[in-house]
Each structure stands twice: as C-alpha cells, then as structure tokens.
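>>> Model the structure of this input:
(2 chains)
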Protein chains: 2
Amino acid sequence: MSDRVVVIGGGPGGIEAARQVADLGLPAVLVEQRERLGGTPIFANYAALTPYFANAEEAMDAMIAELAQRGRAEVRTSTTVTGLSGEAGAFTVELSTGERLDAGAVIVATGFDHFDPGRERQIYNYYQYPDVLALQDLEAQLKEHKVVVPSTGRPPASICWVQCVGSRDRNIGNEWCSKVCCGIASKQAIEVRKLSPETRAYIFYIDMRMYGYWETQLYWPAQEQYHVQYIKGIITEVLERGDRLIVRGEDTTMGRPMEVPMDMVILSVGMEPSAGTKAMSDVLGIERNRHGFIEVINPPLDTVTTSRRGIFACGAALGPADLEDTISSAGAAAGKAVALVRRDNLAVA
Amino acid sequence: MSDRVVVIGGGPGGIEAARQVADLGLPAVLVEQRERLGGTPIFANYAALTPYFANAEEAMDAMIAELAQRGRAEVRTSTTVTGLSGEAGAFTVELSTGERLDAGAVIVATGFDHFDPGRERQIYNYYQYPDVLALQDLEAQLKEHKVVVPSTGRPPASICWVQCVGSRDRNIGNEWCSKVCCGIASKQAIEVRKLSPETRAYIFYIDMRMYGYWETQLYWPAQEQYHVQYIKGIITEVLERGDRLIVRGEDTTMGRPMEVPMDMVILSVGMEPSAGTKAMSDVLGIERNRHGFIEVINPPLDTVTTSRRGIFACGAALGPADLEDTISSAGAAAGKAVALVRRDNLAVA
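I've put the predicted structure just below:
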C-alpha cells in the first residue's frame, strides 16, 4: 500500500497535477524524460501563451518554481517509466534509472506531438523550401522577438498561415480537429504585425474555430487592430517561383481559384498523440481511443479516468487540448488520484 | 476557522465539485436555489448530452445519486446565498433560510442562462411565430422522443438551425463565441434525422466550431451518416408565408442571396452569464470580466481562482463551457479549495 502519486510528464499538465497532489497532502513524484521540466511550451520554444500573451518561458518557470517549493513533490528528470505492476492503491512503478517507486495512483500527462508535415509524404514542401515553416518554427523566431524570412534574413513583406495541416484530414489518418491551431495562428499573426507592421498577414482557413473568449481576445483584435486578413479557402499546393513562394488553392467565399505570392508560409500543424503517450499507454496497460490518444472511460461527466483503475490522465494525452483544458483536467486528475488513495489506503470513509 | 467548503449551484459543475470536496475528506454543503439538483441539463429538459449522446436525465441522476452516498456532502435546495463575511479559511455564509454556515472556502458553480431572443428586440420573430424555437425548446421535444412542428403537431418536412443567435454579436453586446452551440445543433440534427428520417435538416453557420473530437463524434457523422446539410451563410430574417416559414439571408459560399422555406426554425441561442452568476458575484464580492461572467485572475495557468482569496469558480459561471470543461474545472476548483483549507486551517505544511 502506498499514498504516493506518480505523475508522468513534466509539461504544464504534469507540473500542475504534481503540485496539486502535494497541496492535497500526499507525496508526488514527477517523472520527465527530458533533462528539465517545462514540456512543449519550453522545448518547442513557445513565445507567448494563447490567448493572453503571457511570456511562455516566464510562465513555465513560475510554475516550476512553485512546484519546487512543495516539500512533498519530488522530480525525476532524464527518467522514463519502464514498467508498472500491482494494482490501484499498491502499484510498483519501475523507472529507467533502476529506481522502483511504490504508488497508490498514477497520472499520465504525456501530451502531444506536433504533426510532422513530412511524416508520410511532403506536405506543402515543408522540408524542401526553407521559407515554409510550422507553427513551432515561427514560435522560436517570435521568442527571439523577430520575424524573418529564413532564406533572406529580412522581415517578410507577406506571410500566411495554412490551417488544418494534419487535422480534419482522413488521407493522413487524423480525423480530429486539433482545436488550438486557429487560436495560435491568430495569436502569431498579431505578434507578427506588432513586430513588423509593414508585413501583410493572411490566414487561410476552413472554419475559424475561435471558441469562447478566443473570439474576443484574438479574433476581433486580429482583424480590427492588426488587420490580419482571414480568407476562407482550401490551399492545394505551395510552390516556389523565383525567390517567392506561390500559394495555390481556392477562395471558397469568392468561389474562385487563387494564386498568391508569399514570402513566408506557416503550416498550422495539428496535435497528434505523442510518442510518450503511446509508449506510456503500453507500459501502463491503459486503452487508447481510435485516434491513438488515451481513452477516458466515462466522458463527458468524467474527464480523467482511464481504463485501468488507479490510473488517470490529463491534458493533450487525452486529445486536442488548450492550456486551460490541460490545467483544469490536471487539477481534476490530481483530485481523483488523491481521493482514490485516501479511500484505498488511508481508510477514510 | 472552518474546514467546510460551500458550493453554490447544483448543476453538473456544482455536483462534481461538492462530490470531489467530500472525496478529498472535507465537509461540503451544496446550495441550490431550485427545488432539486441537476441544473440546466434537467431544467432546460436536455435530451442527450453532447457529444456522446448519453441520456441527460439518467446521467444527472447518476451524479446526484453518487453525491448522496457521500456522508460528508450535504445539500440545501430551495436555498440561496444571501451574504458572505469573514475571509478565506474563516468565512460565514448566510443562507436565505436563515442558516449561517462557517466555511473555509467557497466554490461558485452558478452556470449560464440561454440567450433570450426577445431580450431587447424580437430576433427572428421567436416570440411571434410558434414554429421558431430555441435549442432548449427542441431539447424538450427530443427528450420526449419526438420532433413536431408546434403549429401542426406533425413532423417537419424541413428544419433548420440558425447559428450564433446572441453570440459573436456586438449589436446585442455579446462579443464572445458561446462555444457549444455548433456541437449542440449538430447533435440535435442527428437526433432529428434518427427520429424522422424523412425530415430534411439544414444548419446555417458562420464557422462550424466543432473542435477536438466533436469533429469526429458529430460533424463527420452528421454529414455522412445523417445527411445534415451545412450551409455557410448569414440569416437576416425569418418570415411567415402561408403556413411555412421563410428563411432569408446570404449563402456566403455560393455568394448569392437565398430564400428557403422551412417548417421549423431552431435558433442556436448562446450562453450568457446567469442571473445567479451575477447575483452571487455581488454577494461574494468577486470581480466579473467585461462580458459579465466571473473573472479568473491568472488564466490560462489557473482556471478557477477568483479575485477574492478563498473563492473559486467553475464551469459556465466563468464563460462559455462545454460539459467536459465544466467537469474538469469543477474538479480543479474542488482541489484548490481543499488545498487552501488544509493550508489555512489544518496546519499541514
């Protein structure tokens, strides 16, 4: 029997879950495969968080610092989980370091991977043309407070985002909507226009999924204050002509084909189950859904309970999620894990 | 000093929060102004929950039954909160019954109201034409396993949904996107087509915001299995001609005006701050955001902490939220409330 909760994955969801377990009075161990905490916002070089434009590195550092203050939360970096035995209330978790941890419950916070636009075939010539980037490539520039065309080193006269790359697409097997890319592209377009007011910015989309406050935090200001141009259209190909890129497709509102020269094209790549999510679901013996993310067994009224008792999951390990989804589900998972351990181990009615 | 957590609002978020507080070992009191628990899914007669089609009444009854098993969770129905004094860790909560409860923390789960399409002016003649309904009016029919034109009592040959009624609309002061209406309209269209396969179903939309798995659970099946017709367009008016309704607007994809006869028109009304949300934010002395919902002070990395220490909020009291948002944020709020009480009152380091 153990009252410890092991949390797997040191991004925003895992940090929040571990902190909350500790605040609820139980010991937590946070296991992260990389050499430091922070997860995708750090390792994919996010500039500002969507939709309130907080500095991503500062925000993650603050979360990490807060966690470090919790005596009951330990961290194991450069470590993976290699095995699980036992059952809820009395698991044994094996780590790549040889350490064995007893645990009453486990929380999986292994997140997502960005869709790779060269995974099966070249999509929009991402790997061929230096000036075709993905969302996270532009984030890295924005984090350095710049926006430059890679092939010239100068700010672009024109830039566009192509939405739904690796999302809503049966050909590549990703039927789901990745939920956050409309907001992130809009956030980036605002940042680009702030950094380089001369740059013309276009977003080619199928549906602009700016739900809730993203509408007011991002979509209205992008159009009205920053004059980002939103064009409902399908982009069929991105080609090179001379020193510029040519974006070809159909403007579905105008009902006509379009061919637009651009200095820089950003692919709004979607979310896929991360390698860690797939590996951990195997190690832990929990079900994945038909999309490859971890399955919750009783949605929508339980958002974190997996198919194996005592194992909970949160954030983008479960499917497309924004940061607020991740933080909320991490808190919910921590609560359910602690409640289960209390019930099973601490004999509290 | 008190280790009790008072939860205000007996819908899905409040029930989940109260259950979680109890499961985490502290006493909870759930205060609901109506005569029974269940909230909007019960009182607005929801048929099936989005996006997995669980029976809403059965699902809510199961939540309520689970709460009732928790010895540490008490319920006060037909009761409102009329006053709050003290501070975090040692609040006194006054109830309309005269009862005074000490509490270490408070969770606000007062939810949303459906936008009223006659609030300021007649929108689409909702109050004038019997065959123009709102989402919740159709839910009440679907809950009785029927879909009928009110003026005739017969199934409609044609039905349409008009999206964004009371959302994304500055004229009426609601700038936000209500997030769930695209999914709910699609869910209803599937239910209508199941109940009445002869009925032609159309959804007029600006952007189809079917984020995450709603894309695969609802949007693909609605089109492929149930042949719901999605038309990107702006509806300007709904008129009567003879015994049918005439829906007028612009088909923005085809770039031409349209005038379509319909037997039944469903207004996809959005979410507004509920009367209870507004009243409780005044009573509790917590800030509202510029949209009138309760403000969280550090989004996106804290989704539940309000402007007054010791008071947390969850679900649609904070803004447009789907059921999964609500359940996750309720769990997160319960965790933060219990952690604060532990820290302040139970002197656990």
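
>>> Longest strand in chain A, please.
Longest among the strand segments of chain A by residue count, using DSSP state E, is strand A:229-241.

>>> now for that one, which elements pack on it?
Helices and strands touching strand A:229-241, by 3 or more CB pairs under 8 Å, 6 or more residues apart in numbering or on different chains; DSSP states H and E, are strand A:200-205, strand A:244-251, strand A:256-262. C-beta here means a position set from N, CA and C on the backbone, and glycine is covered the same way.

>>> Single out the most deeply packed of the ones you listed.
strand A:200-205 (a mean of 23; mean count of other CB atoms under 10 Å in any protein chain shown).

>>> Sheet-wise, list the partners of that one with their directions.
Pairing partners of strand A:200-205, with direction, according to DSSP bridges: strand A:158-165 (parallel), strand A:229-241 (parallel).

>>> what's the angle between the last one and strand A:256-262?
Interaxial angle of strand A:229-241 relative to strand A:256-262 (axes from the mean of the first three to the mean of the last three CA atoms, to 10 degrees): 70 degrees.

>>> buried stuff in strand A:229-241?
Neighbour-count burial for strand A:229-241, with 16 or more other CB atoms under 10 Å in any protein chain shown as criterion, is recorded at A:230, A:231, A:232, A:233, A:234, A:235, A:238.

>>> Need the residues that contact the longest strand of chain A.
Residues outside strand A:229-241 that contact it (CB atoms under 8 Å, 6 or more residues apart in numbering or on different chains) are A:124-125, A:129, A:132, A:162, A:200-206, A:208, A:222-223, A:245-253, A:258, A:261, A:265, B:232.

>>> let's go with 6 Å and repeat that
By CB atoms under 6 Å, 6 or more residues apart in numbering or on different chains, the list of residues contacting strand A:229-241 from outside reads A:124-125, A:129, A:132, A:162, A:202-204, A:245-253, A:265.

>>> can you pull out the strands in the stretch 201-349 of chain A?
Along the stretch 201-349 of chain A, the segments classed as strands by DSSP state E, counting those that start in this stretch run A:229-241, A:244-251, A:256-262, A:264-269, A:271-273, A:311-313.

>>> pull the longest helix from chain A.
Among the segments of chain A that qualify as a helix by DSSP state H, the longest is helix A:323-345.

>>> got a list of contacts for that one?
With CB under 6 Å, 6+ apart, helix A:323-345 has contacts from A:1, A:3, A:5, A:12-13, A:16-17, A:20-21, A:24, A:26, A:89, A:104-105, A:107, A:303-304, A:312, A:314-315, A:348, B:20, B:23-24, B:300-301, B:303, B:328-329, B:331-332, B:334-335.

>>> Can you tell me which of the residues you listed are buried?
Neighbour-count burial (16+ other CB under 10 Å) applied to these gives A:3, A:5, A:12-13, A:16-17, A:20-21, A:24, A:26, A:89, A:104-105, A:107, A:303-304, A:312, A:314-315, B:20, B:23-24, B:300-301, B:303, B:328-329, B:331-332, B:334-335.

>>> Can you tell me the closest non-neighbouring residue to residue A:123?
Nearest residue to residue A:123, sequence neighbours excluded (CB to CB, 6 or more residues apart in numbering or on different chains): residue A:117, at 4.1 Å.

>>> For chain A, which residues are neighbours of chain B?
Chain A has residues A:20, A:23-25, A:59, A:175-177, A:179, A:207-209, A:211-213, A:215-216, A:252-253, A:255, A:300-301, A:303, A:319-320, A:323-324, A:327-329, A:331-332, A:334-335, A:339, A:348 near chain B, with proximity defined as CB under 6 Å from any CB of the partner chain.

>>> that older thread, which one of the helices and strands packed on strand A:229-241 lies closest to residue A:153?
Smallest distance to residue A:153 across these (CB to CB): 15.5 Å, for strand A:244-251.

>>> Next, the angle from that closest one to strand A:200-205.
Between the axes of strand A:244-251 and strand A:200-205, defined by the same axes, to 10 degrees, the angle is 40 degrees.

>>> Find me the pLDDT at residue A:347, would you?
In the prediction, the pLDDT value recorded for residue A:347 is 54.

>>> Also residue A:118?
The score at residue A:118 is 87. That number is its pLDDT.

>>> got it, and the one 10 residues further on?
Predicted confidence (pLDDT) at residue A:128: the value is 94.

>>> Tell me both backbone torsions, phi and psi, for it.
According to degrees, to the nearest 10, the main-chain angles of residue A:128 amount to phi -90, psi -40.

>>> what's around it, how many residues?
Counted with other CB atoms under 10 Å in any protein chain shown, the burial measure for residue A:128 works out to 11 neighbours.

>>> Can you tell me how far it is from residue A:180?
Per CB to CB, to the nearest Å, residue A:128 is found 27 Å from residue A:180.

>>> cool, and residue A:268?
Relative to residue A:180, and taking CB to CB, residue A:268 is found at 9 Å.

>>> can you check residue A:76 too?
Summarising the geometry, the distance separating residue A:76 from residue A:180, computed by CB to CB, is 29 Å.

>>> And the closest residue to residue A:207 other than its chain neighbours, how far from residue B:221?
Closest residue to residue A:207 in three dimensions, ignoring its sequence neighbours and counting by CB to CB, 6+ apart: residue B:207, at 4.2 Å. Applying CB to CB, the value for residue B:207 to residue B:221 is 19 Å.

>>> in the stretch 51-200 of chain A, which spans are helices?
Listed from the start of the chain, the stretch 51-200 of chain A has helices (DSSP state H, counting those that start in this stretch) covering A:56-68, A:135-143, A:181-195.

>>> Most tightly packed of the ones you listed?
With neighbours defined as mean count of other CB under 10 Å, the helices of the stretch 51-200 of chain A peak in mean count at helix A:181-195, which reaches a mean of 24.

>>> Show me what that one is packed against.
Contacts of helix A:181-195 with other secondary structure elements, assessed using 3 or more CB pairs under 6 Å, 6 or more residues apart in numbering or on different chains; DSSP states H and E, are made with helix A:135-143, strand A:200-205, helix A:220-224.

>>> what is the orientation angle of the second one with helix A:181-195?
With the same axes, to 10 degrees applied, the angle from strand A:200-205 to helix A:181-195 works out at 180 degrees.

>>> before we move on, what about the longest one?
On the basis of the same axes, to 10 degrees, helix A:135-143 is oriented at 30 degrees to helix A:181-195.

>>> State the phi and psi torsions of residue A:127.
For residue A:127, the backbone dihedrals (degrees, to the nearest 10) come out as phi -90, psi -10.

>>> Nearest residue to residue A:16 in space, please, no chain neighbours.
Here the nearest residue to residue A:16 in space, its sequence neighbours aside, is residue A:330; by CB to CB, 6+ apart that works out to 3.9 Å.

>>> What of residue A:249?
Once its chain neighbours are removed from consideration, residue A:249 has its nearest residue in residue A:235; the separation is 4.0 Å (CB to CB, 6+ apart).

>>> go on, residue A:247?
Beyond its immediate neighbours in the sequence, the residue positioned closest to residue A:247 (CB to CB, 6+ apart) is residue A:260, lying 4.8 Å away.

>>> For the closest residue to residue A:244 other than its chain neighbours, list each beta-bridge partner.
Counting by CB to CB, 6+ apart, residue A:261 is the residue found nearest to residue A:244 once chain neighbours are left out, at 4.7 Å. Beta bridges link residue A:261 to residue A:246, judged by DSSP bridges.

>>> these two touch, right, residue A:261 and residue A:243?
No: with the criterion set as CB atoms under 6 Å, residue A:261 and residue A:243 do not qualify as a contacting pair; they are 10.0 Å apart.

>>> Outline the domain layout of chain A.
A:5-111+A:274-348, A:132-270 (automatic domain parsing).

>>> same question for the last one, mean pLDDT?
Yep, that's domain A:132-270 we're talking about. According to the model, domain A:132-270 has a mean pLDDT of 96.

>>> Quote the end-to-end distance of it.
Distance between the two ends of domain A:132-270: 16 Å, counting by CA to CA, to the nearest Å.
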